[in-house]
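pasted the sequence and its predicted model underneath.
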Amino acid sequence: TPFKEGDATSPQGVYAQTKLDGDLAAMKINLTTMVVRTSWVYSSYGNNFVKTMLRLGKERDHLNVVFDQIGTPTYARDLASAILTIISQIESNNLLKSSCYGVFHYSNEGVSSWYDFAQAIFKATKTDCSVGAIETVDYPTPAKRPPFSVLNKGKIKKTTGIEIPHWEDALTRCLEALGMNL
């Protein structure tokens with residue numbers, strides 16, 4: 001089942017541990033802190049999975065992508081928009097600031113594996129690159145990743161009333177922002 005904000009944490013590596021440490025430090029320093037945890041963030045800017053797949057899809061005929069890690073891709077623009085909406089609601093007194101303390105989850109809606117995500121990118125862009133499904137053990141990486149990292153977003157939706165787009169719709173908007181003809 002998707003992770004809820006109150007579930008026990010179990011960081012899988014140094015990166016995850018430093019994220020948790022930052023969350024805890026922020027909430028310790030300021031009890032009115034709102035921490036927004038997210039996952040699998042991508043954008044039309046910077047280095048990320050979507051841009052890497054687009055580049056590799058042009059360079060190669062075939063890629064192997066992990067199929068046994070399940071989560072939800074998050075378009076950075078949607079995450080930023082949600083945060084700005086929450087700030088606006090608080091500033092206009094349409095949302096009590098006191099209801100926004102603590103940890104909240106935000107990612108786009110839906111569930112995907114990295115393999116499914118890569119397939120969707122190539123299908124949307126009509127990229128002629130085949131994708132093979134491999135297990136995590138076949139793709140060694142220094143960063144340990146959990147096999148299931150889907151976040152329950154019920155708390156943020158109930159508290160703020162925001163609507164969260166599906167990851168496939170968000171991917172389309174990101175690809176359009178990258179100038180792709182879909």
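Great, that's in hand. Numbering: from 1, shown residues only.

helix, strand, or coil at the residue located most distally from the centre of the chain?
No residue in the chain sits farther from the centre than Asn93, which is 28.6 Å out by C-alpha atoms, centre = their mean. Under DSSP: H, G, I helix; E, B strand; the rest coil, Asn93 falls in the coil class.

next up, the contacts around Ile134.
Contacts for Ile134 were tallied using C-beta atoms under 8 Å, 6 or more residues apart in numbering; they are Asn64, Val65, Val66, Phe67. For every residue, glycine as well, the C-beta is placed using N, CA and C.

from Lys144, how far out is it?
17 Å (C-beta to C-beta, to the nearest Å).

check Gly22 too.
For Gly22 relative to Lys144 (C-beta to C-beta), the value is 18 Å.

gap between the residue farthest from the centre of the chain and Thr32?
Distance from Asn93 to Thr32, by C-beta to C-beta: 16 Å.

if we can go back for a sec, go through the contacts of Ile134 and name the one nearest Val111.
Taking C-beta to C-beta as the measure, Val111 lies nearest Phe67 of the contacts of Ile134, at 12.8 Å.

Ser112 reaches Gly71, doesn't it?
Yes - between Ser112 and Gly71 a contact is recorded at 6.9 Å, counting by C-beta atoms under 8 Å.

contacts for stretch 117-129?
40, 49-50, 53-54, 56-58, 60-63, 65, 73, 112, 131, 167-168, 171-172, 175, 180, 182.

select only the buried ones of the residues you listed in PyMOL?
In PyMOL, this line selects whichever of the contacts of stretch 117-129 come out buried by 16 or more other C-beta atoms under 10 Å:
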select buried, resi 40+49+50+53+54+57+63+65+73+112+131+167+168+171+172+175+180
